[in-house]
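>>> Attaching a predicted model along with its sequence, questions to come.
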Amino acid sequence: MMSFNQKFIETVKEYNMLSEGESVLCGLSGGADSVSLVTALCDLKEELKISRIAAVHINHSLRDTADRDEIFAKELCEKLGIEFFAVKADIKKIAKEKGLSEEEAGRNVRYEAFFVFKKKLGIDKIATAHTKDDVAETFFIRLLRGSSLDGLYGIKYVREDGVIRPILKMTKSEILDYLKEKNQPYVTDETNFTDDYLRNHIRLNLIPYLKENYNPEIINDIFRTSQLFSRDMEYIKKNTEAEFERIVKFENGNITINISSILELDYAVSSRIINKCFGIISKENLCYVHISSIFELIKKGKTGKTIDLPGDTVAEISYGNLIIRKTKEQASYCYPLKTGEINIKEANRSFVVEKGLENGKNVFTIEADEIDNYQIRSFVPGDRIHIKKVGTKKIKDIFIDKKIPRAERLVYPIVTFNGQPVWLPGMYKNQQPEFENPLSIKYKENENEQ
């Protein structure tokens with residue numbers, strides 16, 4: 001049977017967690033899991049060629065024994081000869097102010113502290129003490145609350161932001177045996193033995209019941225299932241990213257998806273593309289109900305139809321495309337015309353005004369001494385423009401004829417003379433034929449940013 005240290009080394013190497021000469025910052029609560037993590041890293045520092053080990057302790061101020069845990073963690077680091085840092089936070093107050101559970105607030109504070117110290121100290125990796133038992137508990141929490149495959153595939157060995165989990169293959173019993181063998185004490189959080197949290201209830205009641213009555217190896221089997229889900233998810237994510245790049249466009253702060261293209265995809269990919277797009281706009285995730293509503297909207301395919309989404313966001317059908325955007329309309333704008341470059345940030349477009357006469361679809365020429373009478377502004381209801389051989393026409397009707405999405409109409413730049421539209425860039429212009437001292441206005445669309 002492989003020893004704790006052997007399994008630790010195997011995990012670090014298998015998942016390329018540490019390169020030679022890298023430094024590690026450990027989260028150290030003082031409990032058995034984090035103590036085993038820090039102790040093993042120090043034991044194996046030379047073998048793993050780690051240049052520096054430091055630890056950070058978060059005092060959550062939730063228990064009378066919280067200060068005791070901090071003192072224990074500090075003394076352990078002194079014994080091991082590694083740097084120690086501590087952060088004190090009023091988790092109860094933070095949870096109340098932000099409308100979070102104490103568990104979620106504590107997690108947010110911990111990771112924020114980890115990354116602050118990582119940057120401050122110039123540390124390469126952050127090591128956290130997640131275990132097989134944590135994987136099983138998280139699996140059941142998400143299963144009971146209702147989760148897709150995204151939520152069930154478990155805890156990653158290595159995150160893209162430099163977080164590593166070297167003891168993820170270890171069970172709690174393996175960790176306790178290791179600490180007992182080393183005669184290494186640890187502290188116990190007494191709240192772990194209360195049923196106040198769902199995680200505790202699962203740890204104390206559900207898993208022991210399943211072990212005794214259904215499967216003694218439930219922790220290992222759930223872990224193995226989670227790893228299989230993880231492999232499947234990696235494949236789905238790879239396909240999702242490829243299709244996302246192919247069919248999604250970013251325009252003026254909105255996201256546009258071609259409806260025909262997304263309907264050709266399997267639901268496992270298309271639903272994740274929609275969720276990713278929503279996340280970019282709102283920084284949140286969609287639930288199953290909202291994703292289903294978006295697909296119902298897509299299948300109807302009627303331009304102008306919308307549905308409201310969480311995070312002050314809306315999904316809209318517009319001329320064969322699905323647009324995901326913020327609900328709030330863009331503020332109106334008005335820029336005086338002047339020589340040089342004029343960046344219309346609201347529309348992600350720009351104009352360059354220069355001396356001389358130029359021709360072209362995206363160029364409009366004026367008399368230099370009349371520049372003060374010109375402005376570039378957003379659309380105003382009732383706007384009309386004169387079109388040669390046609391007469392005046394409502395700009396709203398032009399937008400509809402040209403299939404300009406509703407959200408884009410609100411910010412589309414219009415050049416006016418004494419308040420009246422004379423140039424709709426890329427479409428129509430009402431320009432005088434001769435000039436004594438010409439200025440040319442060049443129009444361009446800026447590159448869209450994700």
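Arrived safely, thanks for sending. Keep in mind that what you see is a predicted model, and the values were worked out from it rather than measured.
>>> from here on, contacts and neighbour counts on C-alpha atoms
Noted.
>>> For residue 208, give me the pLDDT.
At residue 208, the model reports a pLDDT of 95.
>>> How about the secondary structure of it?
helix (DSSP: H, G, I helix; E, B strand; the rest coil).
>>> Backbone torsions only: list them for the residue sitting nearest the centre point of the chain.
Nearest to the geometric centre of the chain sits residue 283, at 5.7 Å (Cα atoms, centre = their mean). According to degrees, to the nearest 10, the main-chain angles of residue 283 amount to phi 70, psi 20.
>>> residue ranges with poor pLDDT in the chain?
Along the chain, segments meeting pLDDT under 70 span 328-331, 447-450.
>>> Break it down into its domains, please.
The record's domain parsing of the chain by automatic domain parsing lists 4-229, 252-326, 334-445.
>>> Quick check: which of those is nearest to residue 237?
Taking Cα to Cα, domain 252-326 is the member of these nearest to residue 237, at 7.9 Å.
>>> Endpoint to endpoint, that closest one covers what distance?
End-to-end span of domain 252-326 (Cα to Cα, to the nearest Å): 11 Å.
>>> Include distance to residue 244 when you put the domains of the chain into a markdown table, please.
Output for these, formatted as a markdown table (distance: least, Cα to Cα, whole Å):
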| stretch | distance to residue 244 |
| --- | --- |
| domain 4-229 | 17 |
| domain 252-326 | 6 |
| domain 334-445 | 21 |
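>>> Where does residue 442 sit: helix, strand or coil?
Three-state assignment for residue 442 (three-state DSSP): strand.
>>> Once you drop chain neighbours, what's closest to it?
Spatial nearest neighbour of residue 442, chain neighbours left out: residue 363 (4.6 Å); criterion: Cα to Cα, 6 or more residues apart in numbering.
>>> on that earlier part again, roughly how far does the residue nearest to the centre of the chain sit from residue 110?
Relative to residue 110, and taking Cα to Cα, residue 283 is found at 20 Å.
>>> residue ranges for the strands of the stretch 51-200 of the chain, please.
Secondary structure of the stretch 51-200 of the chain (DSSP state E, counting those that start in this stretch): strands located at 52-59, 83-88, 125-127, 163-164.
>>> Tabulate the ones you listed (JSON lines), appending distance to residue 43.
Formatted as JSON lines, the strands of the stretch 51-200 of the chain follow (distance: least, Cα to Cα, whole Å):
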{"stretch": "strand 52-59", "distance to residue 43": "11"}
{"stretch": "strand 83-88", "distance to residue 43": "15"}
{"stretch": "strand 125-127", "distance to residue 43": "15"}
{"stretch": "strand 163-164", "distance to residue 43": "18"}
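>>> Dump these to TSV, plus mean neighbour count and distance to residue 223.
Listed next are the strands of the stretch 51-200 of the chain as TSV, based on neighbours: other Cα atoms under 10 Å; distance: least, Cα to Cα, whole Å:
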stretch	mean neighbour count	distance to residue 223
strand 52-59	22	27
strand 83-88	16	32
strand 125-127	24	20
strand 163-164	24	17
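>>> Nearest to residue 192, out of those?
Judged by Cα to Cα, the one of the strands of the stretch 51-200 of the chain that comes nearest to residue 192 is strand 52-59, at 15.8 Å.
>>> on contacts alone, who are the packing partners of that closest one?
strand 23-27, helix 32-43, helix 66-80, strand 83-88, helix 102-121 (3 or more Cα pairs under 8 Å, 6 or more residues apart in numbering; DSSP states H and E).
>>> Quick one: work out the angle between that strand and helix 66-80.
Between strand 52-59 and helix 66-80, the angle comes out at 170 degrees (axes from the mean of the first three to the mean of the last three Cα atoms, to 10 degrees).
>>> now the angle from strand 52-59 to strand 83-88?
Interaxial angle of strand 52-59 relative to strand 83-88 (the same axes, to 10 degrees): 20 degrees.
>>> Adjacent strands (with direction) for strand 52-59?
strand 23-27 (parallel), strand 83-88 (parallel) (DSSP bridges).
>>> Can you show me the CA trace of the first one as CSV?
Pointing back at strand 23-27 there. Provided in CSV are the C-alpha atoms of strand 23-27 (Å, rounded to 0.1, in the frame of the first residue of the first chain):
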residue,chain,number,x,y,z
SER,A,23,7.0,28.7,-4.1
VAL,A,24,3.8,27.7,-2.3
LEU,A,25,1.3,29.5,-0.1
CYS,A,26,-0.8,27.1,2.0
GLY,A,27,-4.2,27.8,3.5
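>>> quick one, what contacts residue 109?
Contact partners of residue 109, counting by Cα atoms under 8 Å, 6 or more residues apart in numbering, are residue 89.
>>> how about stretch 283-299: buried residues?
Buried residues in stretch 283-299, counted by 16 or more other Cα atoms under 10 Å: 285-286, 290-291, 294-295, 297-298.
>>> Looking at the residues you listed, spot the one nearest residue 32.
Residue 32 has its nearest neighbour among the buried residues of stretch 283-299 in residue 285, at 33.9 Å by Cα to Cα.
>>> wait, isn't that closest one in contact with residue 278?
Yes. Checked against Cα atoms under 8 Å, the pair residue 285 and residue 278 is within contact range at 6.9 Å.
>>> ok, residue 442 to residue 29 distance?
Residue 442 is 61 Å from residue 29, by Cα to Cα.
>>> Look at the two and report which has more neighbours.
Between residue 442 and residue 29, counted using other Cα atoms under 10 Å, residue 29 has the larger neighbour count: 25 against 20.
>>> In a strand, that one, correct?
No. Residue 29 is assigned coil when assessed by three-state DSSP, not a strand.
>>> quick revisit: the residue nearest to residue 442 and residue 436: what is the separation?
As judged by Cα to Cα, residue 363 and residue 436 stand 17 Å apart.
>>> Please apply the same query to residue 301.
Residue 301 sits 52 Å away from residue 436, going by Cα to Cα.
>>> With residue 2 instead?
To residue 436, residue 2 is 90 Å away according to Cα to Cα.
>>> likewise residue 31?
Noted for residue 31: a distance of 83 Å to residue 436, by Cα to Cα.
>>> for residue 201, same thing?
Distance from residue 201 to residue 436, by Cα to Cα: 84 Å.
>>> out of these two, which sits in the more crowded spot?
Just comparing residue 201 and residue 436: by other Cα under 10 Å the higher neighbour count belongs to residue 201, 17 against 10.
>>> The nearest residue in space to that one that is not next to it in sequence: neighbour count?
Once flanking residues are discounted, residue 201 sits nearest to residue 195: 5.1 Å by Cα to Cα, 6+ apart. Neighbourhood size, residue 195 [other Cα under 10 Å]: 14.
>>> now do the one 3 residues further on
For residue 198, the number of neighbouring residues by other Cα under 10 Å comes to 14.
>>> Over to residue 217?
12.
>>> who's in contact with it?
Residue 217 neighbours (Cα under 8 Å, 6+ apart): residue 211.
>>> how close does it sit to residue 225?
Distance from residue 217 to residue 225, by Cα to Cα: 12 Å.
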